[in-house]
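Trainee: Kindly return the folded structure for what I paste below:
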Amino acid sequence: MPQLNKGGKFVFGKSLVREDGSLCLPEQAVREYHIGKEGQVYLFTGAKSTGGFCVTRKGLLAPSRLGHILREMPRLNACTLPEGELAPYKGRRYGWLRVSPQGMLVLPEALLQDLALTPGMELLCIRSSDIAFTLGARGPLIERAKNFSGEIPVY
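Mentor: Presented below is the predicted three-dimensional model:
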């Protein structure tokens with residue numbers, strides 16, 4: 001998968017938001033982050049400039065420098081928040097969703113609205129860190145992807 005510009009962020013592909021709110025995460029991201037391993041993922045709101053959301057799992061988040069999020073949000077840690085509901089914490093909002101072993105998510109209608117996503121949108125799947133990846137909805141990287149001369153697979 002390409003870097004859209006030399007030294008830029010690595011892109012796994014695009015995820016299409018389907019009419020029923022489902023989306024399939026790019027295979028390489030699913031493998032690299034072992035996303036299907038635990039049966040659920042944590043979501044948190046993306047940067048203001050990119051929108052969308054970030055995806056991680058407990059096995060990556062808990063031992064990281066961001067593990068305090070789970071310690072300070074016990075309902076998120078235990079996945080006792082309603083599935084797909086986002087709870088605020090220090091300027092971002094966090095929630096969880098079930099995920100299939102192949103990386104299929106279903107975003108409830110309320111979550112789609114909360115994240116300003118609509119069916120038919122293509123979210124750019126970007127490697128953010130070793131903890132999480134981003135499904136970006138707007139911003140300069142998304143514009144670069146639109147003008148990219150190579151092929152970016154859509155999942």
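Trainee: Contacts for the helix or strand where Leu124 lies, please.
Mentor: Using DSSP states H and E, Leu124 sits in strand 122-127. Strand 122-127 is contacted from outside by 9-17, 23, 25-26, 29, 32, 50, 52, 117, 133-137, 141-142, 145, 152, 154-155, using CB atoms under 8 Å, 6 or more residues apart in numbering. Quick note: C-beta positions are derived from backbone N, CA and C, even for glycine.
Trainee: Counting neighbours, which bits of the lowest-mean-pLDDT helix or strand in the chain end up buried?
Mentor: Every helix and strand in the chain was compared by mean pLDDT, DSSP states H and E; the lowest is helix 140-146, with a mean of 84. By neighbour count on 16 or more other CB atoms under 10 Å, the buried set for helix 140-146 is Leu141, Ile142, Ala145.
Trainee: could these go into TSV alongside distance to Gln102?
Mentor: Formatted as TSV, the entries for these read as follows, by distance: CB to CB, whole Å:
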residue	distance to Gln102
Leu141	25
Ile142	25
Ala145	23
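Trainee: and which of those is nearest to Ser129?
Mentor: Leu141 (15.1 Å; CB to CB).
Trainee: ok, that closest one to Pro74 distance?
Mentor: 34 Å (CB to CB, to the nearest Å).
Trainee: Figure out the length between the terminal residues of stretch 126-139.
Mentor: 12 Å (CA to CA, to the nearest Å).
Trainee: Enumerate the positions of that stretch that are buried.
Mentor: Buried, per 16+ other CB under 10 Å, within stretch 126-139: Ile126, Arg127, Ser128, Ile131, Ala132, Phe133, Thr134, Leu135, Gly136, Ala137, Arg138, Gly139.
Trainee: Arg93 contacts Leu86, doesn't it?
Mentor: Yes - here Arg93 reaches Leu86: they are 3.7 Å apart, a contact under CB atoms under 8 Å.
Trainee: who has more neighbours, the two?
Mentor: Higher neighbour count among Arg93 and Leu86: Leu86, with 21 against 15, using other CB atoms under 10 Å.
Trainee: So, low pLDDT: which residues of the chain?
Mentor: For the chain, applying pLDDT under 70 flags the ranges 1-8.
Trainee: mind listing the strands for it?
Mentor: In the chain, the strands defined using DSSP state E lie at 11-16, 22-24, 40-45, 53-56, 87-89, 92-98, 104-106, 122-127, 133-136.
Trainee: Thanks a lot, catch you later.
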